[in-house]
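Colleague: Quick one, structure for this:
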Amino acid sequence: MKTVFSNKFRQKDPGRKRDFSRQIDFLNRYSLVFHALLSCMLVLVIEICSRRSFFDAFKFLSGHAFAFFFNSLIIFATLTIVYLFRRRMLMRIIVSSFWLLLGIINGCVLSQRVTPFGYTDLKCISDLLTMTNTQYFTKFQEICVVILLCLLAVFLVVFGIKGPKFKGHPHKIRAVFFCAGMGIVLSAATTMAHNSDKMASYFANIAQGYSDYGFVYGFSSSVVDRGMSKPSDYSQSTIKNIQDSVAQVKSEKDSYKVADSEQVVSDSSKKQQPNVICVLLESFMDPAEINFLNLSDDPIPNFRSLSENFTSGYLTVPVVGAGTANSEFEVLTGMNLRFFGTGEYPYKTILKQTDCESIASDLSALGYGTHVVHNNGGNFYSRANAFSQFGFDTFTSKELMNIQEYTPLGSWPTDDILIQETEKALDATPDQSDFVYTITVQGHGSYPEEKVLMNPEIKVSGAETPEKNNQWEYYVNQIHEVDKFIKNLTDMLAQRDEETILVLFGDHLPTMGLADEDLKSGDIFKTKYATWNNFGLEQKNADLAAYQLLAYAMEQAGISEGTIFSYHQAHAYNTGDEAYQSGLENLQYDILYGERYCYDGIDRYPASDLTMGIDKTHIYSYRKNEDGSLSIFGDNFTNWSRIYVSDEKMPTNFVSDRQVVLSAEYAQELEDGDVLKVCQVGSSNTIFRTTENAMVYYSQESDVLDNDAGMEDFE
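Modeller: Here you go, the predicted model:
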């Protein structure tokens, strides 16, 4: 029986192999036609995934036929690499899987934010992995993704071993020339498409650009078009002319001020410069700006009061729904993201290795202390590195805060803790003026479709579905809480006997699918800003771009400092002036990528030795507990405090800002002479701060105290 069964299998098997071989031979013989059809099919599937709609994908095909086939040409060009290998079918599957995977990722990204997936997002994967269970994705979803990727990898390995090989002559030299030729054809076609305006070379609105020109082209642009291109007129003389014109305008303004003043106060008798507080309000907008929403009450009365009584206006930001770091970059540097590549995050690219003049370094030159306060991770968006490159003195991230309260979903810390942390930063330098950049997080998405708030302060209606109403109601009430934070912040600043100017701005609209026609402003790239001061500055409302905001605020406060900020002040913030934008582009390039002619070739604003946190931490004692665990007592501990035993991180239980505990399981392994310390630890096991002192463990001591100052609470 066994022999008969085996013989039957042997008889059928050769026929199946011959049929499969004929199919492979057919594909190889007409491979170019097959690649063309496969490319078109892949583009269609990718657009379905990206747009999450069959109808919208076919609408793209019919309404943007040139873009559709140009996307197909890009995939066709990448498929030519199969001719360099014998396992051509395997390579076709790998190339196709690569593009499909990118399309699926883009669809998932767009389900949570407005900005599509770009190359620089790959550099943010480490940040994304720190955000599990925050409504972006859950731990379960993360596990599913890992499993699917592993299954794909196993399939490719098995297919690579068992799959067919090309049996004809490989013609490797011909294949290399063909691949190179397709690269040249694609490059020439891209240039022609740009010159004829069939395809845009720059997306002012990235989301719209991907929508109009397709994901494949948009993503490819984000890979190829990175950093800044050298301006055609960039030279030492160009930079000198720009600086001379700025100097002339400044001189004329200074002369006007002197002539207009009855009494000129000498520099030596000038009083201390005002404190400057700049607050990024995460996903903040005025809900009354949304045409279809009905609100039971004004959710932002305090922000509205500031808008009515102090300088305020619309703020044009470079992103929608996400990309906080890019709005932040524009505000802090005065630089325009338009001159960077598609989907660029400078924090993740050029600032990884290059220092950059910013408002912090400019005000430091005037004697300011400069600080950042943020109730989220210090490594998120590589901020700790970026703030060092900007020249900040200190950065208090969530790892250095004793955060106890979170939003109703538990996704994000509430913002009230930022008031005391901002005040700590101001108090840290009593003999200096201060610049404090405070970043909120409470308004961050995503927003739940189910009803979470049973008795909301602000009731919301008018959205198209009950689920959307729930989302808007949750968002509006979180923004209402942020508005209370604004009131408490201004109250705290008003009580201080220091001249202060406060600048508040929304970094982008929330991820809620808003369109231009939904807004009173008519532009999804417009948020709002408002200011406050306690020394009688005149109200001068103006609509600004994010990169102009602090230059405008500084000018009102009588501060004119810095290469970029002085440039904005000299050119009256005229965003539509081509000469103004050309000069800005040259200055940006010179500072970040060029010869730094504006600094005479000197690194005038080097990166700072950034200190994480204001409060120092100490260990005062350790105590063996009855259950065998070990308590360590000290000060300024947080949920991100970790006990280190002889430089090895141990699992740590946080009890309070004065006590952390090493469990009995690990405490029993301690040996005499082990060195105990407590560190504040961020993502990727980054140690942000370590206790000022360490203690040596001795098993014979049941309760060891360090009799330094501060121990009276433990004795």
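
Colleague: alpha carbons only for contacts and neighbour counts from here, please
Modeller: Noted.

Colleague: List the buried residues for stretch 424-435?
Modeller: Applying a neighbour-count criterion of 16 or more other Cα atoms under 10 Å, one finds 424-426, 432-435 buried in stretch 424-435.

Colleague: Take these and keep only those in helices.
Modeller: 424-426 (DSSP state H).

Colleague: Dump the residues you listed to JSON lines, plus pLDDT.
Modeller: JSON lines is the format used below for these (pLDDT from 0 to 100):
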{"residue": "424", "pLDDT": "97"}
{"residue": "425", "pLDDT": "97"}
{"residue": "426", "pLDDT": "97"}
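
Colleague: out of those, which one sits closest to residue 667?
Modeller: residue 424 (35.1 Å; Cα to Cα).

Colleague: Distance check, that closest one against residue 613.
Modeller: Between residue 424 and residue 613 the computed distance is 10 Å (Cα to Cα, to the nearest Å).

Colleague: Ok, residue 678 next?
Modeller: For residue 678, the distance to residue 613 (Cα to Cα) stands at 15 Å.

Colleague: tell me the centre residue of the protein?
Modeller: residue 325 (3.9 Å; Cα atoms, centre = their mean).

Colleague: So residue 678 and residue 613 - more neighbours on which side?
Modeller: residue 678 (31 against 25; other Cα atoms under 10 Å).

Colleague: check contacts around the more buried one.
Modeller: Neighbouring residues of residue 678 by Cα atoms under 8 Å, 6 or more residues apart in numbering: 619, 641-644, 690-691.

Colleague: for residue 219, same thing?
Modeller: 117-119.

Colleague: can you rerun that using 6 Å?
Modeller: residue 118 (Cα atoms under 6 Å, 6 or more residues apart in numbering).

Colleague: Can you classify it as helix, strand or coil?
Modeller: helix (DSSP: H, G, I helix; E, B strand; the rest coil).

Colleague: any idea of the pLDDT on it?
Modeller: With respect to pLDDT, residue 219 scores 90.

Colleague: just residue 50 next, same as before
Modeller: At residue 50, pLDDT is 89.

Colleague: And for residue 262?
Modeller: We have a pLDDT of 44 for residue 262.

Colleague: Run through the helices of the stretch 601-715 of the chain in chain order.
Modeller: Here the stretch 601-715 of the chain has its helices, by DSSP state H, counting those that start in this stretch, at 664-667.

Colleague: any low-confidence regions in it?
Modeller: For the stretch 601-715 of the chain, the stretches flagged by pLDDT under 70 are 701-715.

Colleague: if you set the cut-off to 90 instead, what comes out?
Modeller: 683-684, 699-715 (pLDDT under 90).

Colleague: what ranges do the strands span in it?
Modeller: 611-612, 618-624, 630-635, 641-645, 648-649, 653-656, 659-662, 675-681, 687-690, 695-696, 703-705 (DSSP state E, counting those that start in this stretch).

Colleague: what do you get for the stretch 351-500 of the chain?
Modeller: 369-374, 394-396, 434-439, 460-461, 500-506.

Colleague: if I look at residue 285, how far off is residue 461?
Modeller: Taken as Cα to Cα, the span from residue 285 to residue 461 is 17 Å.

Colleague: Apologies, that question was intended for residue 162.
Modeller: From residue 162 to residue 461 the distance is 59 Å (Cα to Cα).

Colleague: more crowded one of the two?
Modeller: residue 461 (17 against 9).

Colleague: Contacts only, for that one.
Modeller: Contacts of residue 461 by Cα under 6 Å, 6+ apart are 293-294, 469.
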